[in-house]
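Novice: sequence-free structure coming up:
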């Protein structure tokens, strides 16, 4: 029976029962974590063989004879650039390889734009007064943290089932010259798992920003992270050329959730002009990133197909986890009409919308029962979810048995908060 | 016989003979490189065993149980922090581990100071109008390139046999609030190999800069890179505490010339307040650097003594190279009185001062004869050596036989340029 159809007495008896259950759960002293998108131990073990593909001196030379132990090759090994080019649908010459973190590449790109401006830009962003970014919400908290640190004002853009609201984006960027960028996770968006539709990607490619130094930060973190069949994202890089917009997108990805979150490879891809501009300061920042780890990756993955085969093993481990969460929501929450959730076909997260005004309460209840969630509000700029309704669920790390226990606690907390709300106690 | 004592006719006949030799050398079509401080292939092979110390899943856990394959530990592995702490003479809590490049850490520290200010600073450097750095000269071109890129004005400070001219530094920093930093390579300075004297280090520790947000960028790149016995550098970090100046130094080092230039570990060390400030933005920039490479290093080097033992093997390879260059200078140049050079007891470089106004000519002559040198002027801010006399010699990379050939060509070029100068042809 829907909570909205229960009368006060029914709700009160309901809440009393839930509180009893909650007291029992608290006694268990659980310590469960669904807060961050970390690969599980068994996923990490899938890549064990990469540790031994560069094992001795003779292994340290790349195809073209480069001694990867020494200085050189700022852009990265040609084969590593090709591997990421194939994953992102660009040419090798459009790719730069970084260290282990794509977040670091994104931060550096924003910092460079702030300090030195972008290719073809007349001034550094920081010399143009207040600058702004568009932020599809809910989104990735670490993107928003970069803007907050740099003093870039963030404007929320709601997500739809096809990606961010393009009408709003087109209008805003065409009118406001201080809007310099937008954060996008175009495939299996963090946290709702949305894949941007072909139409959405085309509209991004065709944008007519008033700011000539506007950039699309296209964080394709989950480019090959399908749980079921392969889902194709439209190629923003190619499409943007059709509209004379090839300098608009700057694309990022990494192997953090392919090989190792703690020792992967990150890459960025962009137009020749963008790459040239980035290299000018990147070449001052470093002589080059770790080339032996690049070599490990290209030895372990001879091509993008090898990556895709490898990702099927990740999917096998992840699918039951996503199913565990979704099944619990369907069984425990659906009949009560007190929540909505995404059912992603890939990526690392499920987005859960509880009753308005209840997300913080659910977070707190779960925390006190030993279940750590991503803090309510985190998927919004400045940590402010004005509806206080969204929670990001990260099912990847715990084993299925723990996850089952955690999600049952979560459902219990969602019910308690909803009952409290209907009873006017929140 | 000294060139200065030769008459015009003697010099002319001398030059004619030298030009004949030079024409012969050019015919050989040499391709020799003494331009950058790269470890040689045999040095790189010293660390071959580090490639296999993390070889399988079970190897990926640190002493404290951290799974290095996964996210976490922004500051670096405790044992890696301890290793660098012992090398730099600080506590582990004062160390942050980076990626493969200490240059990258330096660039990032300067960028952070520009964008967000330093610990205890009231404003970002970039919000204070023109800011300046002191640059001991000759110095490291890549340090100067960071300042140039960021628009930081550079002021030259001459080097003495004890380090940079401290009278000048004390005066400048006490008078000019726009001076925010200084670049130092305190041990085996690049390029002259000077080790800062205890007195110099103490005077750095006791500085009274007018700018409250002044920092000493202490690039201890050659901390353990002794060619003969171990040379002790005074401990700036400890000394600075005596003067209430513990926030002044920010220290950097790396294993680029211990293990691999292309896949080493970099670290920075500073006061608790500085580390806290850095972590605040570093934690936005990345979730963490490559921890498996940290693990490789701490497995391969259980402690700083193991590093020092390892460095003796590097010294064995490097000593004959330094001797080859110095011997040639002593034999070919000393009797003519046309050059001076440093004779370093460690590090990677020899500084050669040719006759004033001749360095560019020597570089060009060498280049045309197939010997690549670091461009004349490179060791000076903006590439301007106003005396046009300094050349940086990097003897590490070529095998001794090639080096011998290269330095002979170099000496020939030095003689030609000097003769041309004395004859008024330059």
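Specialist: Received it, and whenever you're ready, just let me know what you need. Predicted model only: the values in this text are computed from it and were never measured.
Novice: Which single helix of chain A contains the most residues?
Specialist: Secondary structure assigned by DSSP state H gives helix A:304-328 as the longest helix of chain A.
Novice: So which elements touch it?
Specialist: helix A:41-45, helix A:78-88, strand A:350-354, helix A:400-422 (3 or more Cβ pairs under 8 Å, 6 or more residues apart in numbering or on different chains; DSSP states H and E). No exception for glycine: its C-beta is placed from N, CA and C like everyone else's.
Novice: Of the ones you listed, flag the one that's most buried.
Specialist: strand A:350-354 (a mean of 24; mean count of other Cβ atoms under 10 Å in any protein chain shown).
Novice: Where does the stretch 301-426 of chain A get nearest to chain B, residue-wise?
Specialist: residue A:397 (8.5 Å; Cβ to the nearest Cβ).
Novice: picking up where we left off before, as a markdown table, the helices and strands packed on helix A:304-328 with distance to chain B would be great.
Specialist: What follows is the helices and strands packed on helix A:304-328, written out as a markdown table (distance: least, Cβ to the nearest Cβ, whole Å):
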| stretch | distance to chain B |
| --- | --- |
| helix A:41-45 | 4 |
| helix A:78-88 | 13 |
| strand A:350-354 | 19 |
| helix A:400-422 | 16 |
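Novice: Do I have it right that residue A:228 meets residue A:315?
Specialist: Yes: using Cβ atoms under 8 Å, residue A:228 is in contact with residue A:315, at 7.3 Å.
Novice: okay, and the common contacts of those two?
Specialist: Counting by Cβ atoms under 8 Å, 6 or more residues apart in numbering or on different chains, the common neighbours of residue A:228 and residue A:315 are residue A:346.
Novice: who's more crowded, the two?
Specialist: Neighbour count, other Cβ atoms under 10 Å in any protein chain shown: between residue A:228 and residue A:315, residue A:315 has more, with 17 against 10.
Novice: circling back to that earlier point, and of the helices and strands packed on helix A:304-328, who's closest to residue B:355?
Specialist: Between residue B:355 and those, the shortest gap by Cβ to Cβ is with helix A:78-88, which sits at 44.1 Å.
Novice: roughly how far is the helix or strand following the closest one from the heart of the chain?
Specialist: Sequence order places strand A:95-97 as the next helix or strand after helix A:78-88, per DSSP states H and E. Distance of strand A:95-97 from the chain centroid (Cα atoms, centre = their mean, to the nearest Å) equals 20 Å.
Novice: quick one: contacts for the closest residue to residue A:380 other than its chain neighbours?
Specialist: Setting aside the residues directly before and after it, residue A:380 is nearest to residue A:137 in space (Cβ to Cβ, 6 or more residues apart in numbering or on different chains), at 5.3 Å. Shown in contact with residue A:137 (Cβ under 8 Å, 6+ apart): A:156, A:157, A:158, A:159, A:379, A:380, A:381.
Novice: In three-state terms, label the second one for me.
Specialist: Okay, so that is residue A:157. strand (DSSP: H, G, I helix; E, B strand; the rest coil).
Novice: pretty sure it is touching residue A:170, no?
Specialist: No: contact criterion Cβ under 8 Å: residue A:157 and residue A:170 do not qualify, at 10.7 Å.
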